[in-house]
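A.B. asks: Need coordinates for the following:
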Amino acid sequence: MRKITTYIVALFSVLIVFSSCKKEYESIESIDDAKIKDYISKNNLQNVESDETGFYYQVVEEGTGDFFKNSDMVFYYVTVKSLLNGTQYLQSPTYSNLSNFVGYLNSFYNGSLSSNSYNIPAIRTAVLALKPGGKVRIFVPSYLAFGKNGAGNIPSNEIIELVVTTINYKTQAEIDEERINTFLTANNITATKHSSGVYYQVLTQGTGTDIIDEHSKLVVKYSGRLLDGTQFDSGDAFSTTLSAVIRGWGEVIPLFKSGAKVRIFIPSELGYGSSGNGGIPANSVLDFSIDITSVTND
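C.D. replies: Alright, predicted model coming up:
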């Protein structure tokens, strides 16, 4: 009887140890899934869809028109924040946006987070549930987001809420046109639209006689800003030719002469496009003030 009792006690001890080990080594997949489900339950979120790979998403606004297909270009804003504590790590500014074909949305990159590109297929899957103008919240477990290494100021093993808001336009040019006109109206600026899409405001009409073309040697004083007023570049005596600067300058500067002072609003396609440049986000309209100091033609 004592042997049996001893055996039972030993077996019970083994079971306790096994149970403790099982709890201690619970996988990150099950830990994250439990936390996401708890968040959804506590916040009484409705119409949340689950994906077999482990993420969840909620369509906030479906949008209008046809559902996106992989071959469609999508223009969108994105917010990246902690699901559990709400810390915001990234917010697309309203004066610019991201863009890509839907089929490539699994690749996530933003220089403010890190220099790496991350594979997050959840974005593509969730956007395929939208139409233009739609909005979706995506709850991404850490192992399907930025993993154990994190990214930039995102800590390791962080469960992420990605909010993707798509823009109800078919081209970037339409988006830029609306941004420029909204800015002009808000700031009571009267500007002329060039056939290229660049808008210009003449502040001082030049009195020089030299014609400006792409080979002319120019000396200019200038400042470049984003539509939120952030200055990204300036120069007091910048020497250049129009072939050496962004296309937007080359479209309208030839309209003027030495001594002219102009303000020009350049659509992103004629600036730094969908790649951006340093502190200039992708798809940004550019606002330049330019004084043409001198023009020289050989």
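A.B. asks: What residue spans form the domains of this protein?
C.D. replies: 28-166, 172-296 (automatic domain parsing).
A.B. asks: can I get those in a markdown table with mean pLDDT?
C.D. replies: Below are the domains of the chain laid out as a markdown table (pLDDT from 0 to 100):
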| stretch | mean pLDDT |
| --- | --- |
| domain 28-166 | 93 |
| domain 172-296 | 95 |
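A.B. asks: And the contacts of the helix or strand harbouring Ile138?
C.D. replies: Element membership for Ile138 (DSSP states H and E) is strand 135-140. With contact meaning CB atoms under 8 Å, 6 or more residues apart in numbering, strand 135-140 is reached by 36, 39-40, 48, 55-61, 63, 83, 120, 122-123, 126-127, 129-130, 159-166. Using the backbone N, CA and C atoms, a C-beta is placed for each residue, glycine as well.
A.B. asks: same question, stretch 116-127
C.D. replies: Stretch 116-127 is contacted from outside by 51, 53, 55, 57, 59, 68, 70, 74, 76, 102-109, 136, 138, 140, 144-146, 151, 162, 164, 166, using CB under 8 Å, 6+ apart.
A.B. asks: Could you do stretch 242-262 as well?
C.D. replies: 194, 196, 198, 200-216, 218, 264, 266-267, 270-272, 286, 288-295.
A.B. asks: List the buried residues of it.
C.D. replies: 242, 245-246, 248-253, 256-258, 260-262 (16 or more other CB atoms under 10 Å).
A.B. asks: again, but for stretch 216-234
C.D. replies: With burial defined by 16+ other CB under 10 Å, the residues of stretch 216-234 counted as buried are 216, 218-220, 222-227, 232.
A.B. asks: Export those as TSV, with columns for secondary structure.
C.D. replies: What follows is the buried residues of stretch 216-234, written out as TSV (DSSP: H, G, I helix; E, B strand; the rest coil):
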residue	secondary structure
Ser216	coil
Leu218	strand
Val219	strand
Val220	strand
Tyr222	strand
Ser223	strand
Gly224	strand
Arg225	strand
Leu226	strand
Leu227	coil
Phe232	strand
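A.B. asks: From the chain's centroid, how far away is stretch 52-71?
C.D. replies: Per CA atoms, centre = their mean, to the nearest Å, the displacement of stretch 52-71 from the mean C-alpha position of its chain is 18 Å.
A.B. asks: thinking again about what came up before, make a PyMOL selection of the buried ones in the contacts of strand 135-140.
C.D. replies: Only the buried entries of those go into this PyMOL selection, using 16+ other CB under 10 Å:
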select buried, resi 36+39+40+48+55+56+57+58+59+63+83+120+122+123+126+127+129+130+159+160+161+162+163+164+165+166
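A.B. asks: Just the ones of the contacts of strand 135-140 in helices?
C.D. replies: In helices, judged by DSSP state H, the following of these are found: 36, 39-40, 122-123, 126-127.
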